[in-house]
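J.: Got a predicted structure here, sequence first:
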Amino acid sequence: MRFLTTAITTLLILPALFVRVTYDSTYDNATNSLDIVACSNGVNGIETKA
C-alpha cells in the first residue's frame, strides 16, 4: 500500500518538475499604459473599472 501511494505521488509530481515558469518584465513598469495588457479593454476590462 505504501509503495502504491509513493508511486502515484511521484507520477503526479513528476510533470510539475519540467514546467518552465517565466515572468514578463513589461508588467513591472508602472509608467506603461493599461492598453498593453490583454484584458484591459471591454466590458469587464481593467480600464472600464477605473
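T.: That came in fine, so what should we check first?
J.: quick one, helices of the protein?
T.: 2-13, 46-49 (DSSP state H).
J.: would you turn those into TSV with mean neighbour count, mean pLDDT and distance to residue 21?
T.: To be clear about C-beta, it is placed using only N, CA and C from the backbone, and glycine gets the same treatment. TSV is the format used below for the helices of the chain (neighbours: other CB atoms under 10 Å; pLDDT from 0 to 100; distance: least, CB to CB, whole Å):
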stretch	mean neighbour count	mean pLDDT	distance to residue 21
helix 2-13	9	95	16
helix 46-49	10	65	23
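J.: how about these in CSV, adding distance to residue 36?
T.: Output for the helices of the chain, formatted as CSV (distance: least, CB to CB, whole Å):
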stretch, distance to residue 36
helix 2-13, 36
helix 46-49, 11
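J.: So which of those helices is nearest residue 27?
T.: Closest approach to residue 27 among those (CB to CB): helix 46-49, 11.8 Å.
J.: what's stretch 2-20 in contact with?
T.: Outside stretch 2-20, not one residue touches it by CB atoms under 8 Å, 6 or more residues apart in numbering.
J.: and that stretch, how far from the chain's centre?
T.: 21 Å (CA atoms, centre = their mean, to the nearest Å).
J.: CA-only coordinates of that stretch, as CSV, when you get a sec.
T.: Output of stretch 2-20 as CSV, limited to C-alpha atoms (Å, rounded to 0.1, in the frame of the first residue of the first chain):
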residue,chain,number,x,y,z
ARG,A,2,2.8,2.4,0.9
PHE,A,3,4.6,1.6,-2.4
LEU,A,4,1.4,2.4,-4.4
THR,A,5,1.0,5.7,-2.6
THR,A,6,4.6,6.7,-3.3
ALA,A,7,4.4,5.6,-6.9
ILE,A,8,1.1,7.6,-7.5
THR,A,9,2.5,10.7,-5.7
THR,A,10,5.7,10.5,-7.8
LEU,A,11,3.7,10.2,-11.0
LEU,A,12,1.6,13.2,-10.1
ILE,A,13,4.6,15.4,-9.0
LEU,A,14,7.0,14.5,-11.8
PRO,A,15,5.4,16.6,-14.6
ALA,A,16,5.5,19.7,-12.4
LEU,A,17,9.3,19.5,-12.3
PHE,A,18,9.5,20.1,-16.1
VAL,A,19,7.2,23.2,-16.3
ARG,A,20,9.1,26.4,-17.1
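J.: Alright, I will stop here.
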